[in-house]
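Peer 1: Here is a sequence with its predicted model. Questions after.
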Amino acid sequence: FRSNAEDYHQRLISAKEYAANAHYQAGIKYKDSTQPSDFRSCMNEFQKVMNILPEYLDSQEMYEECREYAVIRLAIMSFDNTSGNTSFGDIGMSISNDVLSALMKDDEFMEFFEFVSRDKIDIILEEQQLASSGLVQEEGSVELGQLLGIHQILSGEVTYILADNPDHSQNRTRMEKNIGTGSQTYVDSEGNKLERETQTQVSANVIFHKVETQAIIKLSYKILDVTTTQILHSNTITADHRYEYEWVTYTGDKRALSVMAQLMLSRKEQQLPSSSQMVLEATEVAVKKLVQDIKKALI
């Protein structure tokens with residue numbers, strides 16, 4: 001059997017060149033823009049070119065040039081604690097540091113964003129005698145943006161912190177059970193000797209213990225465009241952390257305990273987490289929610 005199969009190799013090369021050129025020309029159209037979002041589209045077009053033909057013209061150089069203009073310089077300011085609760089240290093600084101750390105580990109986010117270091121911001125504030133509280137106002141944000149080349153400022157507040165006192169509830173109950181203690185021989189009405197199980201009743205006073213506590217934290221934040229002084233995004237984040245622990249104590253005969261009570265006997269009373277630990281756990285939940293919301297708004 002013979003077949004005259006056509007060689008499509010040259011057609012494939014031509015098709016790739018045609019597709020690469022189409023994306024290349026599309027990328028060129030974005031280069032005259034001044035919007036970072038357009039430069040992201042520019043990057044995408046030149047990335048497609050390189051996916052099709054890795055060394056097509058100067059697509060690599062064009063990609064890097066577009067990326068330079070597409071990257072947004074973001075300053076994350078320390079969150080102000082306006083909750084009235086100062087028992088947990090500089091919680092606002094901790095939150096901003098945690099947000100910065102989480103975003104820097106996110107490759108998708110770091111593709112389009114750079115951060116201005118806190119040290120550099122503090123130096124500029126000191127040199128220019130600017131107050132950090134004025135950075136989120138129009139004049140302050142524009143001035144700082146001009147000094148540091150910042151495009152956007154993220155600022156926020158810790159508006160509410162609650163750490164409940166632990167609630168220890170006790171459910172007392174008396175348990176009774178008939179248990180076998182052996183056997184005895186008896187004679188029935190027909191004179192037959194038979195054996196039967198002997199039982200005795202045992203009892204125990206059981207206490208089911210349950211400890212509950214929780215911590216709640218609320219944050220509000222906004223992202224300001226330094227050039228236009230417009231608020232690009234704002235939101236409020238609420239997070240909580242709950243702690244529950246149960247165990248059993250008893251007096252009396254252990255054999256009277258129910259199956260559930262006996263299973264819980266292995267659980268001993270534990271030391272309760274401190275209020276600081278509870279707030280820390282709630283803060284970690286809040287930071288995760290905050291980072292997700294920031295990414296959703298900016299990417």
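Peer 2: That came through fine. Residues are numbered from 1 along each chain as shown.
Peer 1: beta partners for D80?
Peer 2: E157 (DSSP bridges).
Peer 1: Kindly report the same for T238.
Peer 2: Where T238 sits in a bridge, its partners, by DSSP bridges, are K218.
Peer 1: do you know how far it is from N97?
Peer 2: Relative to N97, T238 is positioned 21 Å away (criterion: Cβ to Cβ, to the nearest Å). To be clear about C-beta, it is placed using only N, CA and C from the backbone, and glycine gets the same treatment.
Peer 1: Pull the number of nearby residues for S59.
Peer 2: 23 (other Cβ atoms under 10 Å).
Peer 1: let me redo that: T82
Peer 2: Neighbours of T82 (other Cβ under 10 Å): 12.
Peer 1: same check, this time on S189
Peer 2: 5.
Peer 1: do the same with Q10
Peer 2: Neighbour tally, Q10, other Cβ under 10 Å: 8.
Peer 1: Can you show me the helices along the protein?
Peer 2: 9-30, 36-52, 59-70, 91-104, 107-110, 118-128, 138-148, 259-264, 275-298 (DSSP state H).
Peer 1: which helices and strands does the longest one pack with?
Peer 2: The criterion is 3 or more Cβ pairs under 8 Å, 6 or more residues apart in numbering; DSSP states H and E, and the helices and strands that helix 275-298 contacts are helix 91-104, helix 107-110, strand 152-163, strand 193-225, strand 231-252.
Peer 1: Repeat the analysis, applying 10 Å as the threshold.
Peer 2: strand 72-76, helix 91-104, helix 107-110, strand 113-115, strand 152-163, strand 193-225, strand 231-252 (3 or more Cβ pairs under 10 Å, 6 or more residues apart in numbering; DSSP states H and E).
Peer 1: Buried residues of it, list them for me.
Peer 2: For helix 275-298, the buried set under the neighbour-count rule, 16 or more other Cβ atoms under 10 Å, comprises 275, 278-283, 285-287, 290-291, 293-294, 298.
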